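Engineer: I'd like to go over a predicted model; first the sequence, then the structure.
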Amino acid sequence: MSKQINSAFWLVLTITVLIMFFNLGGIPLLDPDEPVYAETPKEMLQFQDLVSPRIYGEYWYDKPPIYYWLVAGAFKLFGVNEFAARLPSALLAVVCVMLIYRSGSRFFGERAGVVGALALATSIEYFYLAKAAVTDITLTLFLTASLLSFVERRYYLFYLFAGLATLTKGPIGLLFPGAIVFLYLAVIGRFHELKNMKLFSGTALYLIVAMPWYWIMYQLHGAAFIDTFIGFHNITRFTTAEHSKTAMWHFFIPVLILGFFPWTAIMAQSIRASLAQGRKDNPTLLFLNIWAAFIFGFFTLSSTKLVTYILPMYPPLAMIVGWYLGRCRDDYKRVSLSWPIMLTVLVLLLLGGMFWGVRTMPELGNGVMALAVIFIVMLAAVWFFVAKKKTAHAFWGQVAAMVLACIVLVTLLFPAVAPAFTTRDIAKDFSAYYDGNSPVYVMKFLHPGFTFYTDVYGIELKSGGELDKAIAEGGKAYFVIRESEYNSLSEKRRTALTVLASSGKKVLLVKH
């Protein structure tokens with residue numbers, strides 16, 4: 001038994017490390033988010049200040065510091081580069097998968113642990129964000145560790161990881177674990193469990209972990225920190241839509257369907273079975289469902305919606321899928337053709353979307369064709385093995401296909417589209433042309449990447465009106481803008497500019 005457990009552990013770890021680390025630093029940072037989370041720790045090191053986050057030399061209060069600290073440490077070890085900027089996400093993604101393996105094995109058996117862990121590792125949104133320099137994986141790990149600690153009644157760890165989540169992304173680090181546990185206790189009618197949760201000493205531990213940085217920031221920056229971080233980045237974003245195109249209530253439905261692909265094909269039947277079992281004699285399954293539903297419901301109610309927000313619901317969903325497929329192997333009657341039927345629908349929709357994308361970006365052609373072959377073979381394998389009642393074979397077919405899909409994504413698709421989504425190339429052109437003295441104007445969307453790759457802060461332009469005004473001013477100046485913004489300029493403004501370089505639908509201009 002020990003050898004089986006060890007072999008399963010190493011198998012899950014090997015597959016996960018391959019997915020998360022393959023070609024991790026081979027693609028430039030993609031605008032606008034990745035450069036933000038790379039530039040800020042770079043400036044922390046430059047200013048020798050690990051307390052107050054900065055960008056463009058100015059204090060800013062968008063996120064707490066944990067991810068910045070992790071990236072700053074990676075920069076010290078590996079230099080300032082794409083690999084180091086993404087290393088914390090990839091590493092913590094592996095830790096989170098192995099945590100799901102451990103907990104799933106403990107709750108539901110070794111087979112369920114393996115299935116749940118690999119379902120998480122091979123879901124599209126999870127491994128994409130694991131390979132990105134953003135905070136979402138870090139938050140997901142700490143929330144997952146906190147909530148699983150509650151299930152295991154390791155209450156001090158529950159508070160510890162809630163504190164770390166609060167240091168990663170703010171008040172939701174406490175709100176989410178607290179609300180999910182409260183709802184669960186309400187549903188099962190066990191509020192007396194609160195007496196065992198070490199509320200006073202646990203809260204003290206949470207405060208010791210989470211509060212010092214907030215207190216120091218308040219002492220250093222006063223109301224500006226509170227108003228910007230708590231007021232705008234938390235309360236205002238929840239109550240007011242920052243991106244009107246994503247404000248619709250159903251926004252996260254397609255995000256979940258695509259983000260948890262290919263396991264969305266079996267997600268519905270897994271949830272249905274787990275709810276039936278959870279109401280009877282397995283409260284852990286009920287807890288996992290409440291956990292996932294709360295994350296989805298909370299962000300559905302939020303006015304500001306981003307694709308990455310629902311990532312913390314994927315670990316409990318993966319554990320539910322792991323439990324379901326784990327027991328299907330013991331009872332073949334539970335295997336339903338709804339799995340390959342749903343997978344067929346999802347693959348057709350995904351392929352249709354990809355081939356539509358090729359019409360506007362022909363450079364995607366080779367990568368899309370490779371993915372199409374992989375997904376069609378995966379679909380055929382699932383149909384064949386489910387029809388033969390070989391659930392394990394169908395599962396491993398999906399895992400193998402998604403490992404190959406990840407490799408195709410980072411070797412063919414992402415490199416093909418990267419020039420359109422990074423400022424690195426135009427930044428190189430700028431460094432070759434810049435005289436070192438004249439003012440530099442950069443459109444907001446391009447600003448983080450431009451600064452990261454040039455070490456020049458520049459002057460941020462937020463709109464076409466600001467661009468027009470900057471061009472009208474006297475004196476020599478450089479401009480880094482998108483082609484669409486250049487084309488929208490009047491003929492008079494364009495004649496005042498000389499195009500020095502263009503790359504990925506971005507242009508470098510100079511005005512003499």
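Structural biologist: Yep, it's here.

Engineer: In contact with Gly57, which residues?
Structural biologist: Neighbouring residues of Gly57 by CB atoms under 8 Å, 6 or more residues apart in numbering: 43, 457. The C-beta positions use only the backbone N, C-alpha and C, and glycine is treated the same way.

Engineer: domain assignment for this protein?
Structural biologist: 2-328, 333-417, 424-511 (automatic domain parsing).

Engineer: quick one: contacts for the nearest residue to Cys406 once chain neighbours are set aside?
Structural biologist: The spatially closest residue to Cys406, leaving aside those adjacent along the chain, is Ile19, at 5.0 Å (CB to CB, 6 or more residues apart in numbering). Listed by CB under 8 Å, 6+ apart, the contact partners of Ile19 are 121-122, 127, 130, 402-403, 406.

Engineer: Which of the residues you listed are buried, as a PyMOL select command?
Structural biologist: Filtering the contacts of Ile19 down to the buried ones (16 or more other CB atoms under 10 Å) takes a single PyMOL command:
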select buried, resi 121+122+127+130+402+403+406
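
Engineer: send the alpha carbons of the strand or helix carrying the residue nearest to Cys406 over as PDB?
Structural biologist: Following DSSP states H and E, one finds Ile19 within helix 2-21. Written as PDB, here are the backbone C-alpha positions of helix 2-21 (Å, rounded to 0.1, in the frame of the first residue of the first chain):
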ATOM      1  CA  SER A   2       2.800   2.400   0.900                       C
ATOM      2  CA  LYS A   3       4.500   1.800  -2.500                       C
ATOM      3  CA  GLN A   4       1.200   2.500  -4.200                       C
ATOM      4  CA  ILE A   5       0.700   5.700  -2.400                       C
ATOM      5  CA  ASN A   6       4.300   6.800  -3.100                       C
ATOM      6  CA  SER A   7       4.000   5.900  -6.800                       C
ATOM      7  CA  ALA A   8       0.700   7.800  -7.100                       C
ATOM      8  CA  PHE A   9       2.200  10.800  -5.400                       C
ATOM      9  CA  TRP A  10       5.200  10.900  -7.700                       C
ATOM     10  CA  LEU A  11       2.900  10.400 -10.800                       C
ATOM     11  CA  VAL A  12       0.700  13.300  -9.900                       C
ATOM     12  CA  LEU A  13       3.700  15.500  -9.000                       C
ATOM     13  CA  THR A  14       5.500  14.700 -12.200                       C
ATOM     14  CA  ILE A  15       2.500  15.400 -14.500                       C
ATOM     15  CA  THR A  16       1.800  18.600 -12.600                       C
ATOM     16  CA  VAL A  17       5.300  19.900 -12.700                       C
ATOM     17  CA  LEU A  18       5.500  19.200 -16.400                       C
ATOM     18  CA  ILE A  19       2.300  21.200 -17.100                       C
ATOM     19  CA  MET A  20       3.200  24.200 -14.900                       C
ATOM     20  CA  PHE A  21       6.900  24.600 -15.700                       C
END
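
Engineer: other SSEs contacting the helix or strand following that helix?
Structural biologist: Counting by DSSP H and E, the next helix or strand C-terminal to helix 2-21 is helix 33-47. With contacts taken as 3 or more CB pairs under 8 Å, 6 or more residues apart in numbering; DSSP states H and E, helix 33-47 sits against strand 54-55, helix 66-78, helix 82-108, helix 447-454.

Engineer: can you rerun that using 7 Å?
Structural biologist: On a contact count with 3 or more CB pairs under 7 Å, 6 or more residues apart in numbering; DSSP states H and E, helix 33-47 meets strand 54-55, helix 66-78, helix 447-454.

Engineer: Pull out the buried positions in stretch 482-499.
Structural biologist: Within stretch 482-499, the residues that count as buried by 16+ other CB under 10 Å are 482, 485-486, 489, 493, 497.

Engineer: could these go into TSV alongside secondary structure?
Structural biologist: Shown next, in TSV, are these (DSSP: H, G, I helix; E, B strand; the rest coil):
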residue	secondary structure
Arg482	strand
Glu485	helix
Tyr486	helix
Leu489	coil
Arg493	helix
Leu497	coil
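
Engineer: so where is this structure shaky, pLDDT-wise?
Structural biologist: Filtered on pLDDT under 70, the chain yields the residue ranges 1-5, 231-247, 280, 329-335.

Engineer: Kindly recompute the last result at 80.
Structural biologist: Applying pLDDT under 80 to the chain flags residues 1-6, 227-249, 278-281, 303-305, 328-336.

Engineer: between the helix holding Ile19 and helix 82-108, how many degrees?
Structural biologist: Using axes from the mean of the first three to the mean of the last three CA atoms, to 10 degrees, the direction of helix 2-21 lies 150 degrees away from that of helix 82-108.

Engineer: buried set for helix 2-21?
Structural biologist: Judged by neighbour count (16+ other CB under 10 Å), helix 2-21 contains these buried residues: 8-9, 12-13, 15-17, 19-21.

Engineer: and the domains of the chain, which is most packed in?
Structural biologist: Ranked by mean neighbour count, those are led by domain 2-328 with a mean of 19 (mean count of other CB atoms under 10 Å).

Engineer: Lovely, talk soon.
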